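> starting from these lines, generate the structure:
(chains A and B)
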Amino acid sequence: MQIIIQGLLLSGLYALIAMGFTLIFSVGRVLNLAYGAYLMIGGYVYFTFSQTLGVPKLAGLLLAAMVGCIVGLLKYRLLVKPLKGNHVAVEISTLILAVVIQAAVVFIYGDSSKILLPIIPGVVQVAGASVTYNLLAATIGSWVILIGLFWFVRKTHMGRAMQAVSMDTKGAAISGVDPDKINMVTWGISGALGATAGVFFASYTQLSPSMWVAPLIIAVAVVIVGGIGSIIGALIVAHIIGFMEVTAVALIAPELRGVFTMLLIITVLIIRPQGLFGREELQ
Amino acid sequence: MNLRWYHFALWALFILVMALIPELVSKGTLRIIIFANFLAIFAISWDVLSGRTGYISFGHPFLIGIGAYTSAILTKRFDVPIEYAIPAAVLMTMVGGIIVFLPALRIKGSYFALVTLAFMELIYQLVQVVRPDLTGGTRGMSGIETLTRGAVNGYYLSASLMVVVALSMWLLMRTQLGTALSAIGMNEESVRGSGLSTTRLKLFAFLTSAFVAGLGGAFYVHYLGSIAPRALFDINFLFTIIVAALIGGASTIIGPVIGAFFLTFLLEYLRPYLPGAERYFIYGMIALVLYMYEPKGLIQLFSNAWNSLFSRRESAGNQNSDQAGKQSDAL
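Residues are numbered from 1 along each chain as shown, chains lettered A, B, ... in the order given. You can find the predicted model right below:
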């Protein structure tokens, strides 16, 4: 029972982390290795405003999302667009950028890790498992965001245009969709989602300049195993990975929590490179 | 092979300079150069695989780590003499190279980069958990037998290893085999179309890369005398290897060497101003700007400068062609 509850909560967080990454991966077709840095930026912005300056928590969360959005837009303008079409160059330059952002965080906040106070304090007992309100809020928040995102992509004009660009950029351009604009919007949304996820993730673990690697790996795992362009797939796989980690921690050994995720990535990539729910392979 | 006289002259000059360095610089600088030498070996190893064939490896520390850990465990825990431990480590690394090779049979591009990243994280976590009595767990190992004492001896060992690796890789890449590897990076389908087995070529590239990585890793651990998982399987370490190869110039041999020296000295000269990890900010920014400005690296910048110098001298007396040159520059 405890495993189920913990698993559900962790999976919700993982789904939120992976969502921004899967958006970029499906629409822009580029691997944004600096995605983990959005989470870090989000966490640190929230820390600065809410914990140091005393801005209300919700406003802090919004500010974090806004900064994430701006960083995403800047990154698209300055890095991805000039390197258009060259996947290897984008991967490498985003990796360099992630290291630059990490160093910038060390520069501003110092090397030591910081503990983020829970966004909503308190603990509730559910069927013998102690659940912090904080993680519960993160899970509910991520479900709300996920449903909103799903609705946005499926129902709104902009969302459908995003789908079109992700399927066939040239075809979308011919039917009057401006792929450049759609890409801008996607990078902005992705940055905002990443930063929001970062606030929850940081309150789940802690803030440190190297905190971006773990969520990046999770996002990569979810997207690869789930497949390109499948929000539902990403959601299911986030649960698979979340439950796998919780089970590994509870039943085998806490140190092995990441090992099964890695093995899953490697196996799926070798056996079914398009992912479990994906439409196609990345070219 | 197509060797020219100036190739011999340039290599002889390079070896001469490397041999004379200990006479010219202080002990402290020498220690920095030792690290640059090892970084150059790792960057060459990365470049043989990723720079040529276009299969970007984000897991090179995985290979280096196998080499380093195998040699360290053999000498420290089983008292194997170093001269047997290092070849064994290189063999283990080549086995590791085959493991990385398997996914490359089916996947390409970004997916391959991701799977190698997963390999690196996998071994990072496994090393800490599985048999900590052998690997030293999270803390790693120290007190590993070292090959040399003192900066000068360490320098000669690392420099000769680097020169041997660079020279043999350079010769190898000038054969038809090397050309075929670069062709895979350009268009794998057409290489297959011209009747070559891309699988065999790729296997060769992976094994060569693993060989160099294992050799470098094993010697590195016997220079340092200690090993720790967080220092080895680290994104910053991976970043330094890749950036050294790219900044210097991918698909060349001298490029990664230049890149490694450039980065190591940049990092050292920043130390007085920024003592901690924030050095990586300036370092990364320089890398990013250089990479965005000239993806082919420093070596391309040098050759551009050389060419413009050379052509300007030629057209010095000729006003018209000089103007034409300026116009084409403006364009």
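
> without its sequence neighbours, what residue ends up closest to whichever residue of the stretch 101-250 of chain B sits closest to chain A?
In the stretch 101-250 of chain B, the residue that lies nearest chain A is B:L122 (3.8 Å; CB to the nearest CB). For every residue, glycine as well, the C-beta is placed using N, CA and C. In space, and not counting its chain neighbours, B:L122 is closest to A:M262: 3.8 Å by CB to CB, 6 or more residues apart in numbering or on different chains.

> B:Y220 now?
Using CB to CB, 6+ apart, the nearest residue to B:Y220 is B:F38, at 5.0 Å.

> any idea of the mean pLDDT for the helix or strand harbouring the one you found?
Per DSSP states H and E: B:F38 is located in helix B:27-46. Averaged across helix B:27-46, pLDDT comes to 86.

> can you name the residues of the stretch 1-150 of chain A sitting close to chain B?
Residues of the stretch 1-150 of chain A lying close to chain B (CB under 8 Å from any CB of the partner chain) are A:30-31, A:79, A:82-83, A:87-89, A:91-93, A:95-100, A:102-104, A:106-107, A:111.

> redo that, cut-off 10 Å
Within the stretch 1-150 of chain A, the positions near chain B by CB under 10 Å from any CB of the partner chain are A:25, A:29-31, A:33, A:36, A:78-79, A:82-83, A:86-108, A:110-111.

> which residues touch the residue of the stretch 151-283 of chain A found nearest chain B?
Residue of the stretch 151-283 of chain A nearest chain B, by CB to the nearest CB: A:M262 (3.8 Å). A:M262 is in contact with A:217, A:221, B:115, B:117-126, counting by CB atoms under 10 Å, 6 or more residues apart in numbering or on different chains.

> repeat that for B:A244.
Contacts of B:A244 by CB under 10 Å, 6+ apart are B:36, B:39-40, B:42-44, B:46-47, B:255-264, B:287, B:297.

> which SSE is it in?
helix B:235-248.

> and what of B:A85?
Assigned by DSSP H and E, B:A85 belongs to helix B:82-104.

> relative to helix B:27-46, how tilted is that helix?
Relative orientation of helix B:82-104 versus helix B:27-46 (axes from the mean of the first three to the mean of the last three CA atoms, to 10 degrees): 40 degrees.

> list the buried residues in helix B:82-104.
For helix B:82-104, burial by neighbour count (16 or more other CB atoms under 10 Å in any protein chain shown) applies to B:82, B:85-86, B:88-90, B:92-94, B:96-97, B:99-101, B:103-104.

> then that helix to PDB, C-alphas only?
The C-alpha trace of helix B:82-104 is given here as PDB (Å, rounded to 0.1, in the frame of the first residue of the first chain):
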ATOM      1  CA  ILE B  82      51.200  -2.800 -13.300                       C
ATOM      2  CA  GLU B  83      52.700  -4.200 -16.500                       C
ATOM      3  CA  TYR B  84      50.000  -6.900 -16.600                       C
ATOM      4  CA  ALA B  85      47.200  -4.700 -15.100                       C
ATOM      5  CA  ILE B  86      47.300  -2.100 -17.800                       C
ATOM      6  CA  PRO B  87      47.000  -4.500 -20.800                       C
ATOM      7  CA  ALA B  88      44.200  -6.200 -18.900                       C
ATOM      8  CA  ALA B  89      42.500  -2.900 -18.300                       C
ATOM      9  CA  VAL B  90      42.800  -2.000 -22.000                       C
ATOM     10  CA  LEU B  91      41.200  -5.400 -22.900                       C
ATOM     11  CA  MET B  92      38.400  -4.800 -20.500                       C
ATOM     12  CA  THR B  93      37.700  -1.400 -22.000                       C
ATOM     13  CA  MET B  94      37.500  -2.900 -25.400                       C
ATOM     14  CA  VAL B  95      34.900  -5.300 -24.100                       C
ATOM     15  CA  GLY B  96      33.100  -2.200 -22.800                       C
ATOM     16  CA  GLY B  97      33.500  -0.700 -26.200                       C
ATOM     17  CA  ILE B  98      31.700  -3.700 -27.700                       C
ATOM     18  CA  ILE B  99      28.900  -3.300 -25.200                       C
ATOM     19  CA  VAL B 100      28.500   0.400 -26.300                       C
ATOM     20  CA  PHE B 101      28.700  -0.800 -29.900                       C
ATOM     21  CA  LEU B 102      25.700  -3.100 -29.700                       C
ATOM     22  CA  PRO B 103      23.000  -0.300 -29.500                       C
ATOM     23  CA  ALA B 104      24.800   1.500 -32.300                       C
END
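
> show me what the following helix or strand past that helix is packed up against.
Next in sequence after helix B:82-104, counting helices and strands by DSSP H and E, comes helix B:109-129. Judged by 3 or more CB pairs under 10 Å, 6 or more residues apart in numbering or on different chains; DSSP states H and E, helix B:109-129 is in contact with helix A:87-109, helix A:213-226, helix A:259-271, helix B:60-77, helix B:82-104, helix B:132-135, helix B:229-232, helix B:235-248.

> centre of the chain to helix B:109-129, how far?
Chain-centre distance of helix B:109-129: 19 Å, with CA atoms, centre = their mean, to the nearest Å.

> then that helix to PDB, C-alphas only?
Taking C-alpha atoms only, helix B:109-129 is exported to PDB below (Å, rounded to 0.1, in the frame of the first residue of the first chain):
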ATOM      1  CA  GLY B 109      21.800  10.200 -33.900                       C
ATOM      2  CA  SER B 110      20.400  11.700 -30.800                       C
ATOM      3  CA  TYR B 111      19.200   8.300 -29.500                       C
ATOM      4  CA  PHE B 112      22.700   7.000 -29.600                       C
ATOM      5  CA  ALA B 113      24.000  10.000 -27.600                       C
ATOM      6  CA  LEU B 114      21.300   9.300 -25.000                       C
ATOM      7  CA  VAL B 115      21.900   5.600 -24.600                       C
ATOM      8  CA  THR B 116      25.600   6.300 -24.000                       C
ATOM      9  CA  LEU B 117      24.700   8.900 -21.400                       C
ATOM     10  CA  ALA B 118      22.500   6.200 -19.800                       C
ATOM     11  CA  PHE B 119      25.500   3.900 -19.800                       C
ATOM     12  CA  MET B 120      27.600   6.500 -17.900                       C
ATOM     13  CA  GLU B 121      25.000   7.100 -15.200                       C
ATOM     14  CA  LEU B 122      24.400   3.300 -15.000                       C
ATOM     15  CA  ILE B 123      28.100   2.500 -14.200                       C
ATOM     16  CA  TYR B 124      28.300   5.500 -11.900                       C
ATOM     17  CA  GLN B 125      25.500   4.100  -9.700                       C
ATOM     18  CA  LEU B 126      26.700   0.500 -10.100                       C
ATOM     19  CA  VAL B 127      30.200   1.200  -9.100                       C
ATOM     20  CA  GLN B 128      29.000   2.600  -5.700                       C
ATOM     21  CA  VAL B 129      26.800  -0.300  -4.900                       C
END
